[in-house]
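Novice: what follows is a predicted protein model with its sequence.
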Amino acid sequence: MDDAIPEDLIAGPHAVSAALKTHPETIDCVWVAKERADDRVHDILTLARSAHVVVRRAPRVALDRLAPGLAHQGVLARRRPVERPREEDLAAHLQGLERPLVLVLDGVQDPHNLGACLRSAEAAGVDLVIVPRHARAPLSAVASRAACGAAERVPLYEVANLSRALRALKEAGFWLIGATADADQSLHTCVLPAPTAWVLGGEGSGLRRLTREACDLLVRIPMCGQAESLNVSVATSLCLYESVRARSINAPG
C-alpha cells in the first residue's frame with residue numbers, strides 16, 4: 001500500500017506543523033479534515049495562512065483517497081519538489097562542521113525505519129545523513145510521518161556512489177564505525193574515535209561487503225536475550241547516543 005502514496009505528501013499534524021515552521025516555502029498546499037476543529041489544527045491553519053500556503057478543508061474520506069492506507073490523522077500537506085543538498089557539496093559541508101557527527105544508512109528499505117532513523121539522528125545532534133540514491137526506501141509520506149519533522153530539518157545527502165562518499169568522509173578526518181552483529185568489539189566497552197560517522201546497514205542483510213570493508217572499526221550491540229539483532233532504527237539510536245554520551249564525558253569543564 002505504501003507504494004501507492006505520492007512521495008510529495010507529508011502526513012500527520014506533527015510532521016505538517018514541523019514543515020510549516022521550518023520550511024514553509026516548500027509547502028504547496030495543506031488539507032485538513034472537516035471533522036477536525038481542535039487547537040492543534042487551529043495552529044496548523046494559522047501557520048499555513050501566515051506563510052500564504054493554500055488551505056483546503058475536505059471530508060476525512062477525501063484525505064483517505066489522497067493517501068490510501070496512511071494514518072494521516074486528518075492532516076496532509078503537499079510539498080513542492082524539494083532540492084536536497086547536492087552530492088558535490090558534501091566535502092565542503094563536512095569541512096565546515098565544528099563537533100561533527102554523521103550517520104550513513106546503507107540500504108534501509110522500510111520507510112518507517114528510514115523516518116525513525118532520521119528522527120533519532122536529529123535528536124542526537126547529527127549534522128547530516130548520507131544514503132545511497134538507489135536501493136533504499138523513498139523519503140515518502142510514510143517516512144516523513146515516522147520522522148516527526150526531522151526529514152525537513154536534517155540535511156540528507158543522496159549519493160550515487162556510497163563508496164565515494166565514505167572516502168570523502170575519511171578524507172575529512174572522520175572515523176567510520178560500522179555496527180554489525182558479528183563484530184569482536186562491544187559498543188559499550190570500545191573507545192569511540194572522533195569525529196565519528198556511524199554506518200548502519202539495511203534490514204536483514206546488514207552492511208554490504210564493500211561498506212563493511214571501508215569501516216575503520218566494527219562494533220556490536222550486546223544482546224542479552226535470544227533475539228539475534230535489533231531493528232535498524234533501534235540500533236541507530238543506541239549507536240548515536242553512545243557518541244552523545246562520549247561527548248558529554250569528554251566535554252571541557
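Specialist: Sure, I can see it.

Novice: would you map the helices across the stretch 1-150 of the chain?
Specialist: The residue ranges that make up the helices of the stretch 1-150 of the chain, judged by DSSP state H, counting those that start in this stretch, are 13-22, 39-50, 60-66, 90-95, 111-123, 141-147.

Novice: render the CA-only coordinates of the third one in CSV, please.
Specialist: Spelled out, it's helix 60-66. What follows is helix 60-66 as a C-alpha-only set of coordinates in CSV (Å, rounded to 0.1, in the frame of the first residue of the first chain):
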residue,chain,number,x,y,z
ARG,A,60,-11.7,12.8,6.0
VAL,A,61,-12.6,10.3,3.3
ALA,A,62,-11.2,12.6,0.7
LEU,A,63,-7.9,12.6,2.6
ASP,A,64,-8.0,8.9,2.8
ARG,A,65,-8.2,8.8,-1.0
LEU,A,66,-5.2,11.1,-1.4
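
Novice: what is that helix packed up against?
Specialist: Here helix 60-66 touches strand 27-33, going by 3 or more CB pairs under 8 Å, 6 or more residues apart in numbering; DSSP states H and E. (Each C-beta comes from the backbone N, C-alpha and C, glycine too.)

Novice: where do the strands of the stretch 51-200 of the chain begin and end?
Specialist: Assigned by DSSP state E, counting those that start in this stretch, the strands in the stretch 51-200 of the chain fall at 54-58, 75-79, 101-106, 128-132, 156-159, 175-179, 185-186, 196-201.

Novice: coming back round to it: and of the helices of the stretch 1-150 of the chain, who's closest to residue 221?
Specialist: Proximity to residue 221 (CB to CB) singles out helix 111-123 among those, at 14.0 Å.

Novice: show me the shaky parts of the chain.
Specialist: 1-7, 81-83, 138, 140-142, 145, 149, 226-227, 250-253 (pLDDT under 70).

Novice: buried set for the top helix by length along it?
Specialist: If you go by DSSP state H, the chain has its longest helix at helix 232-250. In terms of neighbour count (16 or more other CB atoms under 10 Å), helix 232-250 has its buried residues at 232, 233, 235, 236, 237, 239, 240, 242, 243, 247.

Novice: coming back round to it: possible to save the strands of the stretch 51-200 of the chain as CSV with mean neighbour count and distance to residue 113?
Specialist: As requested, the strands of the stretch 51-200 of the chain are exported to CSV (neighbours: other CB atoms under 10 Å; distance: least, CB to CB, whole Å):
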stretch, mean neighbour count, distance to residue 113
strand 54-58, 14, 31
strand 75-79, 23, 21
strand 101-106, 25, 9
strand 128-132, 23, 12
strand 156-159, 20, 15
strand 175-179, 23, 14
strand 185-186, 12, 24
strand 196-201, 25, 10
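
Novice: need those in a markdown table with distance to residue 85, can you?
Specialist: As requested, the strands of the stretch 51-200 of the chain are exported to a markdown table (distance: least, CB to CB, whole Å):
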| stretch | distance to residue 85 |
| --- | --- |
| strand 54-58 | 27 |
| strand 75-79 | 16 |
| strand 101-106 | 13 |
| strand 128-132 | 7 |
| strand 156-159 | 5 |
| strand 175-179 | 20 |
| strand 185-186 | 32 |
| strand 196-201 | 16 |
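
Novice: and those strands: which comes nearest residue 43?
Specialist: strand 75-79 (10.8 Å).
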